[in-house]
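> The sequence and its predicted three-dimensional model are supplied below.
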Amino acid sequence: MIAIGADHGGFELKEHIKKHLDELGLEYKDYGTYSEESVDYPDCAKPVCEAVMDGTADKGILICGTGIGISIAANKHKGIRAALCSDVYSAKMTKVHNNANVICLGGRVTGRELAFMIVDAWLNAEYEGGRHQARIDKIHAIEEA
Ligand code: RB5
């Protein structure tokens with residue numbers, strides 16, 4: 001299951017991505033926000049990250065206006081590796097090398113079709129493990145410091 005969430009700046013792109021996930025036949029849960037009324041992006045990141053952290057969701061998609069605020073907020077959650085992506089190569093590689101469990105997008109930055117390609121590249125890529133795991137372990141050691 002994919003957890004998806006957005007603030008008001010990402011609401012419209014979230015709705016398009018949900019339709020795309022429907023077309024792919026992928027299961028997701030929408031954690032809001034549910035309109036273009038102004039909300040605070042840390043509040044939108046939290047339920048999606050918690051769903052990933054407790055295993056309710058396998059991965060998460062988060063969207064704000066730029067993708068920046070919501071990715072900063074997401075990365076404050078223990079065990080979350082959130083990657084803000086605006087190109088397809090990075091989206092693929094953040095799974096292959098960083099095993100990113102959350103992808104972030106900017107609803108005011110990235111067009112709908114490119115966003116679909118970014119999401120697909122991340123969903124279809126496979127984590128390589130090996131030397132990359134030691135690096136990820138070092139990231140999470142920072143959380144314990
Ligand atoms: C909201 O106006 C905007 O600040 C937010 O969506 C995001 O871009 C923050 O990084």
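Thanks, I have the structure now.
> leaving aside the residues next to it on the chain, what's closest to the residue most central in space within the chain?
When CA atoms, centre = their mean is applied to the chain, the residue found nearest the centroid is Ile103 (2.5 Å). Nearest residue to Ile103, sequence neighbours excluded (CB to CB, 6 or more residues apart in numbering): Trp122, at 4.9 Å. Yep, even glycine has a C-beta here, placed from its N, CA and C like the rest.
> In which helix or strand does the residue nearest to the centre of the chain reside?
Using DSSP states H and E, Ile103 sits within strand 102-106.
> so what strands line up beside that strand?
Strand 102-106 pairs in its sheet with strand 59-64 (parallel), strand 82-84 (parallel), by DSSP bridges.
> got those strands as a markdown table, with mean neighbour count columns?
Listed next are the strands paired with strand 102-106 as a markdown table, based on neighbours: other CB atoms under 10 Å:
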| stretch | mean neighbour count |
| --- | --- |
| strand 59-64 | 29 |
| strand 82-84 | 25 |
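> Would you reformat those as a markdown table and include mean pLDDT and distance to Gln133?
Below are those laid out as a markdown table (pLDDT from 0 to 100; distance: least, CB to CB, whole Å):
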| stretch | mean pLDDT | distance to Gln133 |
| --- | --- | --- |
| strand 59-64 | 99 | 18 |
| strand 82-84 | 99 | 17 |
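> what sits against Ala83?
Applying CB atoms under 8 Å, 6 or more residues apart in numbering to Ala83 gives the contacts 71, 90-91, 94, 98, 100, 102-104, 122.
> and stretch 89-108, which residues are buried?
Buried residues in stretch 89-108, counted by 16 or more other CB atoms under 10 Å: 90-107.
> out of these, which touch the ligand?
Among those, no residue sits close to the ligand (CB under 6 Å from any ligand atom).
> Quick check: buried residues in stretch 61-79?
For stretch 61-79, the neighbour count (16+ other CB under 10 Å) marks 61-67, 69-75, 77 as buried.
> in terms of contact, does His97 touch His132 like I think?
Yes. His97 is in contact with His132 according to CB atoms under 8 Å; the separation is 5.1 Å.
> Apart from its neighbours in sequence, what residue is nearest Gly10?
Ile63 is the one closest to Gly10 (CB to CB, 6+ apart), at 2.8 Å.
> Specify the beta-bridge partners of the one you found.
Ala6, Leu105.
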